[in-house]
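Asker: build the 3D model from these lines:
(2 chains)
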Amino acid sequence: EAQVTQNPRYLITVTGKKLTVTCSQNMNHEYMSWYRQDPGLGLRQIYYSMNVEVTDKGDVPEGYKVSRKEKRNFPLILESPSPNQTSLYFCASTRSPGSYEQYFGPGTRLTVT
Amino acid sequence: DQQVKQNSPSLSVQEGRISILNCDYTNSMFDYFLWYKKYPAEGPTFLISISSIKDKNEDGRFTVFLNKSAKHLSLHIVPSQPGDSAVYFCAANYQKLVFGQGTRLTINP
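Answerer: Model prediction:
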């Protein structure tokens, strides 16, 4: 089954404690993204990757890091989480930037206290 | 600067009636528009799309209309069913996808 998986699905942590949210897709897609969803703001892109070892900032990259060492995986790293990073996070993938339909993971709800 | 806006946070429609969800955009360079549907505890899923060279696209009960002069996009669902209750996001593409805030649609039996 074609899918995007994320782990963990729910996470409560404290300010400053480094964390990683994993994302994996089994569709051999080149293009992957991370979004955060906040009330009244919709989905905003954090980072994206056009292929292995190629990553770039989206609209709200501050406080986040990513890496793309393998085509299928695109982890999101919060080196020093803060309460304003409490949000719902989605990983997405697509064949290429020119292919508009994105496949989303189930989401990770993060709470930073 | 919100380039894609969904001004109605919520919409309630009776089962069997038409649901109309609206979306406005500001960037005339957008060349492709999409609607995504999101159920609780799930990621958004693609619903329907339209190229900027068209003004209408239909897929079963779902029709998307594009009015470029007004920079307005709408999604019509006819007839509405209880399973259509979800959050709907419109999105527009120019070099990257830009999403609206979402509209929560509730279909009442």
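
Asker: use CA for all of it now, contacts and neighbours both
Answerer: Will do.

Asker: low pLDDT regions in chain A?
Answerer: For chain A, applying pLDDT under 70 flags the ranges A:97-99.

Asker: residues of it that sit close to chain B?
Answerer: Residues of chain A found near chain B (C-alpha under 8 Å from any C-alpha of the partner chain) are A:39-44, A:90, A:97, A:100-107.

Asker: out of these, which sit inside helices?
Answerer: Using DSSP state H to define helices, no part of the residues of chain A next to chain B is located there.

Asker: so which of the residues you listed comes closest to residue A:56?
Answerer: residue A:97 (12.9 Å; C-alpha to C-alpha).

Asker: out of the residues of chain A next to chain B, which end up buried?
Answerer: Buried members of the residues of chain A next to chain B, counted by 16 or more other C-alpha atoms under 10 Å in any protein chain shown: A:42-44, A:90, A:97, A:100-107.

Asker: okay, and the beta partners of residue A:35?
Answerer: Beta-bridge pairing of residue A:35 under DSSP bridges involves residue A:45, residue A:90.

Asker: for residue A:20, that is, sorry about that
Answerer: Following DSSP bridges, residue A:20 is listed with bridge partners residue A:77.

Asker: what's around it, how many residues?
Answerer: When neighbours are counted by other C-alpha atoms under 10 Å in any protein chain shown, residue A:20 registers 15.

Asker: who touches it in this structure?
Answerer: Taking C-alpha atoms under 8 Å, 6 or more residues apart in numbering or on different chains, we find residue A:20 in contact with A:75, A:76, A:77, A:78.

Asker: with adjacent residues omitted, what lies nearest to residue 87?
Answerer: Just so you know, I chose chain A. When the adjacent residues along the chain are set aside, residue A:87 lies closest to residue A:110, with 5.5 Å between them (C-alpha to C-alpha, 6 or more residues apart in numbering or on different chains).

Asker: meant chain B actually
Answerer: Nearest residue to residue B:87, sequence neighbours excluded (C-alpha to C-alpha, 6+ apart): residue B:104, at 4.2 Å.

Asker: just residue A:63 next, same as before
Answerer: Residue nearest to residue A:63 in three dimensions, not counting chain neighbours: residue A:78, with 6.4 Å by C-alpha to C-alpha, 6+ apart.

Asker: do residue B:91 as well
Answerer: Residue B:91's closest residue in space is residue B:99 (C-alpha to C-alpha, 6+ apart), at 4.2 Å.
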